[in-house]
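Visitor: Sharing a sequence plus its predicted fold:
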Amino acid sequence: MGDLITALVIVAIGIGGLIAVLGGLYWLTRLFPTRWSERAKILIFLLPASVLMIVGLVVPAIRTVYVSLLDNNSKKFLGLDNYHEIFTTAGTRLTVINSLTWVLVGTTVTVIVGLAVARFADGMRGEKAAKSAIFIPGAVSLVGAGVIWRFVYDGPPFKVGLLNQVTKSLPGLPNSLGGDGLRSWFIERGLAGITPPSNAPGFNTFLLIVIFIWASAGFATVIFSAAIKGVPDSLIEAAKVDGATNRQAFYKVTMPYIRATIITVATTTTIAGLKAFDIIAATTGGNFGTSTIANQFFVTKFVQGRDGLGSALAVVIFILVIPVVVLNRRAQRRAEELMAA
Amino acid sequence: MATITLNAIDKIYENGFQAVTNLSLDIDDGEFLVLVGPSGCGKSTALRMIAGLESISAGELRIGERVVNDLEPKDRDIAMVFQSYALYPHLTVHDNIAFALKLQKMPKEEIERRVTDAARTLELTDNLDRKPAQLSGGQRQRVAMGRAIVRQPQAFLMDEPLSNLDAKLRVQMRGEIARLQHDLNTTTVYVTHDQIEAMTMGDRVAVMSKGSLMQVDSPQTLYDRPDNLFVAAFIGSPQMNLLRGKYQSNGTGGKIQLGSSSIALGNPPAALAQYNGREVAVGIRPEHLTEALNGSTEGNTLSGVVSVREGLGSEVIVHLSVDAHGVDTEDVRDALEGGSHGQTMSARLPPTTKLHVDDTATLNVSADQMHLFDLQTGLAIR
């Protein structure tokens, strides 16, 4: 009971405080002469949000960039040495390559799966059920997704690995493909006798990307599905009368029409892929050559306490995201112009 | 180019709604046939069945000699112009027009030749590199036409292609489409709810109501000899005056009592004999009413009080309240989309008329130009 009252009081103080601040700000604007008051109002009401933005986002971002130029104790200025280290040390370089693999494979497959399900489910019986089924994984937290898939990929000494049970039951499968049901899927980087070089993503990285696709394809499907339903029927009908097969109508009319949506989903998935951390932390912990930049950043900065190198890794993610955002913005604007009709 | 033959076509939707009933039409090679009717009469559904965008529930559809009931739209070799134009927004005017040709894998030079020709015909040459969003409504309409004509298909199907244009442009494009069709001599089925479009454009006009064909004839025949009350009420603007009158035969041909007026019939149709003593529907076109000299009631006249006077420059439309009852059957309500005349009628008079609002007008009626219909069946009495 006491806790509840405390909570209510705190909430009341919070809301009351907000009202008081806004009221105070409004009162402040009235102190200005009339010809300034409009501008003053805008400035004063933007102030709280701006302060939070600057304190919570801009300053830490700039500080991170600054720290990335210092040594791991933030004492000595090193210039770009930390960045040099990222790209020359085999371990960190692999994380960059892994991250790019996540983005390329994860985004491509997510978009293709999303489009395919949205297209073939559209107007079919059981459309809602199919879309719900593929959407549900998206509602699971990525850590949860990682835990769920551990039960799939687990190998000896654990006996719960679903994938091992499946491969074991398939006749004629070699042991290198899990034919004996004793494969350590998370650990083994190679597959079927082929071992990738140490500077390339291993097979286990792709297993982790599968989890990412499993978790993000549902969202893509729902968004694509809504976009496909937004394509005017008459456009598709016109294409069919013009001689297009269903397939041609989809590729030549529907896809270009929903181009902006495809780009949006691709960019959000790309950014999520670049930030991939939870799945890795919940499964391999970044071991066995599966670490990504985001995971490596966490390990370097917070586990190993190497502030300079950790910050540099964070900055690399930031730099990789920028062109994606710019491309997205540009494509959006173009699409808006096209559809202005 | 080809004939299009609809033989007893039905369309019944999954929910049981019957949109088209027993529709039979023979459309000649090179003919411009207009399907007209109020909204929901099944005309668009009929067109979409010809296009292959709706399945045919029963009956047979032929394009040329082929039965096409089960053919996909792409295999029917027809081109369609949509009400919304349905231009591909991501393609330029050029690529919109060339879309179907590219799908046919036509040689590039041939595509260029056809697109250039079509663009010249439709005055789109300067806009070939633009996207649909950068065009005016009229230009988009032309692109839609261009997309159809480059293909040189068996037939054009047009679904209210002018209804998104403003009134002035509509009149202009009406002429252009009719001209283009005449020049290309391609079989065309044109759907509209606008009877003026139907009358001005069609070689023949098929009037539909509630999924059924009411009459198919040349525009002039539809106007002069409507087969039934629906066509009589639907075709013509201002509409035909439709009044209830009681027929009384006598030695000299008989008369019809319209309210307090008695109209003597010179030579009534033979079929009228069986209506002796019963009410019939009497149709009088507004232009078949003329002002009686000095209000003389000699001959066949009708009187009423002027309620509205609409001067149009070349003519004056005068609306009168009369003491005869208007025809208010379901057919007429459907044709007028819910409206009915009640006890008013209209007359088309020369601009010299001195009639003004609240004047009592006496109008001469030409009994030979009256249309008579059975009130129950709606069919013309001939």
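Guide: Now that the structure is in, tell me what you want to look at. Numbering: from 1, shown residues only, chains lettered A, B, ... in the order given.

Visitor: For the rest of this, base every contact and every neighbour count on C-alpha atoms.
Guide: Will do.

Visitor: which residues of the stretch 151-300 of chain B fall in strands?
Guide: B:155-159, B:187-192, B:204-209, B:212-217, B:241-248, B:255-258, B:261-264, B:279-284, B:289-291 (DSSP state E, counting those that start in this stretch).

Visitor: Using JSON lines, lay out those together with mean pLDDT.
Guide: Shown next, in JSON lines, are these (pLDDT from 0 to 100):
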{"stretch": "strand B:155-159", "mean pLDDT": "94"}
{"stretch": "strand B:187-192", "mean pLDDT": "95"}
{"stretch": "strand B:204-209", "mean pLDDT": "95"}
{"stretch": "strand B:212-217", "mean pLDDT": "95"}
{"stretch": "strand B:241-248", "mean pLDDT": "92"}
{"stretch": "strand B:255-258", "mean pLDDT": "90"}
{"stretch": "strand B:261-264", "mean pLDDT": "89"}
{"stretch": "strand B:279-284", "mean pLDDT": "93"}
{"stretch": "strand B:289-291", "mean pLDDT": "91"}
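
Visitor: Report the closest residue of the stretch 101-250 of chain B relative to chain A.
Guide: Per CA to the nearest CA, B:A133 is where the stretch 101-250 of chain B lies closest to chain A, at 4.3 Å.

Visitor: Is that residue in contact with A:A335, as I believe?
Guide: No - taking CA atoms under 8 Å as the definition, B:A133 is not a contact partner of A:A335, at 11.2 Å.

Visitor: Spit out the residues that contact these two alike.
Guide: Among the neighbours of B:A133, none is also in contact with A:A335 (CA atoms under 8 Å, 6 or more residues apart in numbering or on different chains).

Visitor: show me what contacts residue 237?
Guide: Reading this off chain A. By CA under 8 Å, 6+ apart, the contact set of A:E237 is B:L53.

Visitor: A:T205 is in contact with A:N287, isn't it?
Guide: No - assessed by CA under 8 Å, A:T205 is found out of contact with A:N287, at 10.3 Å.

Visitor: Give the residue from these two that has the larger number of neighbours.
Guide: A:T205 (26 against 12; other CA atoms under 10 Å in any protein chain shown).

Visitor: Surely the more buried one is within a helix?
Guide: Yes - assignment of A:T205 by DSSP: H, G, I helix; E, B strand; the rest coil places it within a helix.

Visitor: burial of the closest residue to it other than its chain neighbours, as a residue count?
Guide: Counting by CA to CA, 6 or more residues apart in numbering or on different chains, A:T290 is the residue found nearest to A:T205 once chain neighbours are left out, at 5.2 Å. The number of residues packed near A:T290 is 28, by other CA under 10 Å.

Visitor: Now do A:T290, the pLDDT please.
Guide: If you check A:T290, the pLDDT there is 88.

Visitor: which residues touch it?
Guide: Per CA under 8 Å, 6+ apart, neighbours of A:T290: A:T95, A:N98, A:P201, A:G202, A:N204, A:T205, A:I280, A:T284.

Visitor: Give me the lowest-pLDDT entry from these.
Guide: A:G202 (81).

Visitor: Can you pull the residues of chain B lying near chain A?
Guide: With CA under 8 Å from any CA of the partner chain as the criterion, chain B comes near chain A at residues B:51, B:53, B:73-75, B:77-80, B:82, B:84, B:86-90, B:99-100, B:103-104, B:131-134.

Visitor: Need the buried ones from these selected in PyMOL.
Guide: Burial among the residues of chain B next to chain A is assessed by 16 or more other CA atoms under 10 Å in any protein chain shown; the matching PyMOL selection reads:
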select buried, chain B and resi 51+53+73+74+75+77+78+79+80+82+84+86+87+88+89+90+99+100+131+132+133+134
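
Visitor: Among the residues of chain B next to chain A, name the ones in strands.
Guide: Among these, the members falling in strands (DSSP state E) are B:I78, B:A79, B:M80.

Visitor: what is the second one paired to in the beta sheet?
Guide: According to DSSP bridges, the partner residues bridging B:A79 are B:F156.

Visitor: Which single residue of chain B ends up nearest chain A?
Guide: B:K74 (3.9 Å).

Visitor: Skip the chain neighbours and tell me the closest residue to that residue.
Guide: Leaving out its chain neighbours, the residue that sits closest to B:K74 by CA to CA, 6+ apart is A:G243, at 3.9 Å.

Visitor: Sort out which residues of the helix ranked longest in chain A are buried, please.
Guide: Longest helix in chain A, counting residues (DSSP state H): helix A:307-338. For helix A:307-338, the neighbour count (16+ other CA under 10 Å) marks A:307-317, A:321, A:324-325, A:328, A:331-332, A:335, A:338 as buried.

Visitor: and what of stretch B:266-280?
Guide: Of the residues in stretch B:266-280, those with enough neighbours to count as buried (16+ other CA under 10 Å) are B:P268, B:L272, B:N276, B:E279, B:V280.

Visitor: Now the two most distant members of the residues you listed.
Guide: Spanning the widest gap among these are B:P268 and B:E279, at 14.9 Å by CA to CA.

Visitor: Dump the C-alpha coordinates for the lengthiest helix in chain B into PDB.
Guide: If you go by DSSP H, chain B has its longest helix at helix B:167-184. This file holds the C-alpha atoms of helix B:167-184, laid out as PDB (Å, rounded to 0.1, in the frame of the first residue of the first chain):
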ATOM      1  CA  ALA B 167     -16.800  19.900 -68.400                       C
ATOM      2  CA  LYS B 168     -15.100  21.800 -71.100                       C
ATOM      3  CA  LEU B 169     -12.200  19.300 -71.600                       C
ATOM      4  CA  ARG B 170     -14.800  16.500 -71.600                       C
ATOM      5  CA  VAL B 171     -16.600  18.000 -74.500                       C
ATOM      6  CA  GLN B 172     -13.300  18.400 -76.400                       C
ATOM      7  CA  MET B 173     -12.000  14.900 -75.600                       C
ATOM      8  CA  ARG B 174     -15.400  13.500 -76.500                       C
ATOM      9  CA  GLY B 175     -14.900  14.700 -80.000                       C
ATOM     10  CA  GLU B 176     -11.300  13.600 -80.200                       C
ATOM     11  CA  ILE B 177     -12.000  10.100 -79.000                       C
ATOM     12  CA  ALA B 178     -14.900   9.700 -81.500                       C
ATOM     13  CA  ARG B 179     -12.600  11.100 -84.300                       C
ATOM     14  CA  LEU B 180      -9.700   8.700 -83.300                       C
ATOM     15  CA  GLN B 181     -12.000   5.700 -83.200                       C
ATOM     16  CA  HIS B 182     -13.400   6.700 -86.600                       C
ATOM     17  CA  ASP B 183      -9.900   7.000 -88.100                       C
ATOM     18  CA  LEU B 184      -8.600   3.800 -86.500                       C
END
